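1. quick one, what's the 3D model for this:
(one chain, ligands or ions: 2)
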Amino acid sequence: METMNIGIIGCGAIGREHIKRLSGKLQGSRVVAVCDVFEDGAKKAAPLVGVDCKVYTEINAIVNDANVTALVITSPGFAHKDAVLAAVKAGKPVFCEKPLCTTAADCKEIVDAEMASGKHLVQVGFMRRYDKGYNQMKDLLDSGEFGAPLLLKCTHRAIDVDGAYTTAMAVTDTAIHEIDCLHWLLNDDWATVQVITGANTKNAHEGLCDPQVMIMQSKRGVTVLLEVYVNCKFGYDINCEVVCEGGVINLPAPSFPTVRQDCKISTMIEQNWINRFIDSYDVELQDWINNASKGEVAGPTAWDGYIAEVTADALVEAQTSGKIEKVSFGETPAFYAK
Ligand code: NAI
Ligand code: ISE
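-> Ligands and ions are numbered 1, 2, ... in the order given. This is a model prediction of the structure:
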């Protein structure tokens with residue numbers, strides 16, 4: 001397999017994590033260029049590569065660098081559209097962190113551009129589809145041994161968020177993982193969504209609704225109750241329980257020792273997404289490298305990014321309307337049929 005020469009766009013938290021795994025840990029890739037609108041951010045990230053690495057501040061310059069054969073986009077969601085469209089225009093494979101874009105209309109532009117190019121170029125960073133625990137749950141559900149799934153009870157909790165995090169981002173930045181992963185887990189599409197807010201934590205900054213309960217119902221009538229609580233203070237706590245006709249399946253928790261001390265028995269909770277999903281990011285990006293180098297996309301596609309964002313738009317609408325909102329999108333185009 002020819003080594004993929006990767007250009008990274010966005011050198012913040014996850015950009016730096018992906019640079020490290022793409023320039024040492026994984027097979028078949030090396031990072032040859034980095035780009036950030038803040039030159040200092042890019043300059044600080046370049047040494048992580050360990051060899052000569054070009055530094056850019058302009059998206060088109062890195063995308064059109066002849067030595068860059070594929071792009072990884074780790075800028076904030078609002079900046080994804082221009083970068084993905086530039087990569088598609090250049091005919092280069094592109095891995096874009098979630099969300100694909102922050103509105104369904106922008107995602108649709110990417111879907112249309114990719115279909116027009118005739119090449120499978122775009123993968124979206126919904127890494128939970130690569131998580132061992134979610135895959136174990138999916139195997140059990142698909143085995144049929146537990147009967148039909150009826151109800152899911154999930155939590156997406158984080159220690160805290162910064163002041164720029166908005167009520168809508170609880171959907172577009174956070175719940176977007178469950179929107180994608182749970183419909184994949186169930187082999188079902190979302191039909192309706194609703195959001196319930198109530199008592200707010202005193203730890204939320206001014207204007208932020210936290211926690212929120214998101215209710216999603218699938219076309220087959222499976223109901224998801226999702227708690228998004230991003231200032232919970234006690235840890236990064238991802239849970240998923242599927243209640244089926246013939247039993248209950250729970251997402252395995254990360255394994256930590258149970259310790260006894262001071263008349264207490266305790267165990268750890270992860271602190272953040274970096275460690276909680278560290279293996280999933282590795283498996284995800286290795287799969288992307290293996291397939292992109294053959295001109296294929298085996299993971300979440302631009303269409304998956306689009307339908308996730310249609311659902312997110314409905315949830316954001318539901319946050320203000322207080323009503324049950326419908327989720328509707330057309331049939332999966334033949335281009336994306338698996
Ligand atoms: P961050 O704020 O730490 O870093 C973003 C970087 O992009 C900053 O260095 C910023 O200067 C740069 N940037 C801003 N606009 C840009 C533009 N137009 N072109 C190039 N660079 C630009 O953000 P973070 O946490 O690293 O998130 C980045 C993306 O990754 C987001 O879409 C986020 O949702 C996603 N993410 C995904 C995770 C996952 O679990 N899959 C975990 C964390 C983030
Ligand atoms: C962050 O951007 C991520 O994608 C994490 O996986 C998620 O848990 C967190 O809520 C987001 O802010």
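2. what does the stretch 1-150 of the chain put close to ligand 1?
-> Residues of the stretch 1-150 of the chain lying close to ligand 1 by CB under 6 Å from any ligand atom are 9-15, 35-38, 41, 59, 74-77, 79, 97-98, 125, 127. From N, CA and C alone the C-beta is placed, and that goes for glycine too.
3. narrow those residues to those in helices?
-> Among these, the members falling in helices (DSSP state H) are 13-15, 41, 59.
4. so can I have CSV of these showing distance to Ala204 and pLDDT?
-> CSV is the format used below for these (distance: CB to CB, whole Å; pLDDT from 0 to 100):
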residue, distance to Ala204, pLDDT
Ala13, 21, 97
Ile14, 23, 98
Gly15, 27, 98
Gly41, 28, 94
Ile59, 34, 98
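5. max pairwise distance over the residues you listed: which two?
-> Within these, two members stand farthest from each other by CB to CB: Ala13 and Ile59, at 19.3 Å.
6. contacting residues for the nearest residue to Ile307 once chain neighbours are set aside?
-> Leaving out its chain neighbours, the residue that sits closest to Ile307 by CB to CB, 6 or more residues apart in numbering is Phe329, at 5.3 Å. Residues in contact with Phe329 (CB atoms under 8 Å, 6 or more residues apart in numbering) are 104, 306-307, 310.
7. export the residues you listed as a markdown table, with columns for neighbour count, distance to Ser23 and pLDDT.
-> Converted to a markdown table, these look like this (neighbours: other CB atoms under 10 Å; distance: CB to CB, whole Å; pLDDT from 0 to 100):
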| residue | neighbour count | distance to Ser23 | pLDDT |
| --- | --- | --- | --- |
| Ala104 | 20 | 34 | 96 |
| Tyr306 | 25 | 31 | 98 |
| Ile307 | 23 | 33 | 98 |
| Val310 | 20 | 35 | 98 |
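8. which ones among those are found in helices?
-> Judged by DSSP H, the contacts of Phe329 include 104, 306-307, 310 as members of helices.
9. which pair in the residues you listed spans the largest distance?
-> Greatest spatial distance in those: Ala104 and Ile307, 8.4 Å, computed using CB to CB.
10. list the helices and strands the helix or strand containing Ile19 packs on?
-> Taking DSSP states H and E as the definition, one finds Ile19 inside helix 13-20. Applying 3 or more CB pairs under 8 Å, 6 or more residues apart in numbering; DSSP states H and E, one finds that helix 13-20 contacts strand 4-9, strand 29-35, helix 39-45, helix 278-292.
11. and those, which one's lowest on average pLDDT?
-> For those, mean pLDDT drops lowest on helix 39-45, to a mean of 93.
12. residues contacting that helix, please?
-> The contact list for helix 39-45 (CB under 8 Å, 6+ apart) reads 8, 11-12, 15-16, 19, 34-36, 55-57.
13. which SSE is immediately downstream of it?
-> As assigned by DSSP H and E, the chain's next helix or strand after helix 39-45 is strand 54-56.
14. closest to Pro93 among the contacts of Phe329?
-> Tyr306 (18.2 Å).
15. indicate the residue of the stretch 101-250 of the chain located nearest to ligand 2.
-> Across the stretch 101-250 of the chain, no residue is closer to ligand 2 than Thr174, which sits at 3.6 Å (CB to the nearest ligand atom).
16. tell me who's in contact with that residue.
-> By CB under 8 Å, 6+ apart, the residues touching Thr174 are 156, 158, 228, 230.
17. before we move on, which element is Val243 in?
-> If you go by DSSP H and E, Val243 is part of strand 237-244.
18. for the stretch 51-200 of the chain, what spans make up the helices?
-> Ranges of helices within the stretch 51-200 of the chain are 59-63, 80-89, 104-117, 132-143, 169, 176-186, based on DSSP state H, counting those that start in this stretch.
19. find the closest residue to ligand 1 in the stretch 1-150 of the chain.
-> When scored by CB to the nearest ligand atom, the stretch 1-150 of the chain has Gly12 as its residue closest to ligand 1, at 1.7 Å.
20. quick one: the residue nearest to Ala191 when sequence neighbours are not counted from Cys232, how far?
-> Spatial nearest neighbour of Ala191, excluding adjacent residues (CB to CB, 6+ apart): Lys219 at 4.7 Å. Distance, Lys219 to Cys232, using CB to CB, to the nearest Å: 32 Å.
21. neighbour count: the two, which is higher?
-> Under the criterion of other CB atoms under 10 Å, the comparison of Lys219 against Cys232 puts Cys232 first, with 21 against 13.
22. dump the contacts of helix 39-45 into TSV; add neighbour count as well.
-> Shown next, in TSV, are those (neighbours: other CB atoms under 10 Å):
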residue	neighbour count
Ile8	32
Cys11	27
Gly12	14
Gly15	23
Arg16	17
Ile19	24
Val34	29
Cys35	30
Asp36	24
Val55	18
Tyr56	21
Thr57	14
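23. between these, which sits nearest Val297?
-> Among the contacts of helix 39-45, and counting by CB to CB, the member closest to Val297 is Ile8, at 19.0 Å.
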